[in-house]
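Trainee: Quick one: sequence plus predicted model below, questions after.
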Amino acid sequence: SGSAVYAKTFAVPDSYLGRRLVLDLGRVSAVAEVFVNDKSAGTLVWSPYRLDITKLVKPGENQLRVLVTNTEANSRAVGTSRHILARIDVCGLEGPVQIVPYIDDVLTLHAAN
């Protein structure tokens, strides 16, 4: 139980620049605090673990930092008097972590004749 920091340096493809960008952390257990280029992007406490990071990303090299804090379930599962360790979910940042360009298109549906 506790917190862990995940860090990654990344560059956004030129084709993504000028578009809305969404960071998708995939599977997380349990709370994720996200920082892009040392600025807070937000805190996520349930699925989907996604944030708009458009205003924080710059051309060239960027820094992503994710602080993940889980619950005390792991701590309580350890020991000879509690045989629940096998049932504890994997904790931390499981991913997959992706930056997805957001497409904002409108589809109009018409009744079939």
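Mentor: Cool, got the structure.

Trainee: where does the chain dip in pLDDT?
Mentor: Along the chain, the parts satisfying pLDDT under 70 run over 73-90.

Trainee: the helices in it, which residues?
Mentor: Secondary structure of the chain (DSSP state H): helices located at 73-77.

Trainee: how far away is the nearest residue to Glu72 once chain neighbours are set aside from Ser29?
Mentor: Nearest residue to Glu72 in three dimensions, chain neighbours excluded: Ser1, at 4.8 Å (Cβ to Cβ, 6 or more residues apart in numbering). For every residue, glycine as well, the C-beta is placed using N, CA and C. Going from Ser1 to Ser29 by Cβ to Cβ, to the nearest Å gives 11 Å.

Trainee: Among these two, which residue is more densely surrounded?
Mentor: Comparing Ser1 with Ser29 by other Cβ atoms under 10 Å, the one with more neighbours is Ser29, at 19 against 13.

Trainee: Was I right to think Asp38 contacts Gln63?
Mentor: Yes: using Cβ atoms under 8 Å, Asp38 is in contact with Gln63, at 6.8 Å.

Trainee: How many neighbouring residues does Ile53 have?
Mentor: Other residues lying near Ile53 total 21 when counted by other Cβ under 10 Å.

Trainee: Equivalent analysis for Ser3, please.
Mentor: Neighbour count for Ser3, taken as other Cβ under 10 Å: 11.

Trainee: How about the contacts made by the closest residue to Phe10 other than its chain neighbours?
Mentor: Closest residue in space to Phe10, ignoring its immediate chain neighbours: Asn62 at 5.5 Å, by Cβ to Cβ, 6+ apart. Asn62 is in contact with 9-12, 36-37, 56, counting by Cβ atoms under 8 Å, 6 or more residues apart in numbering.
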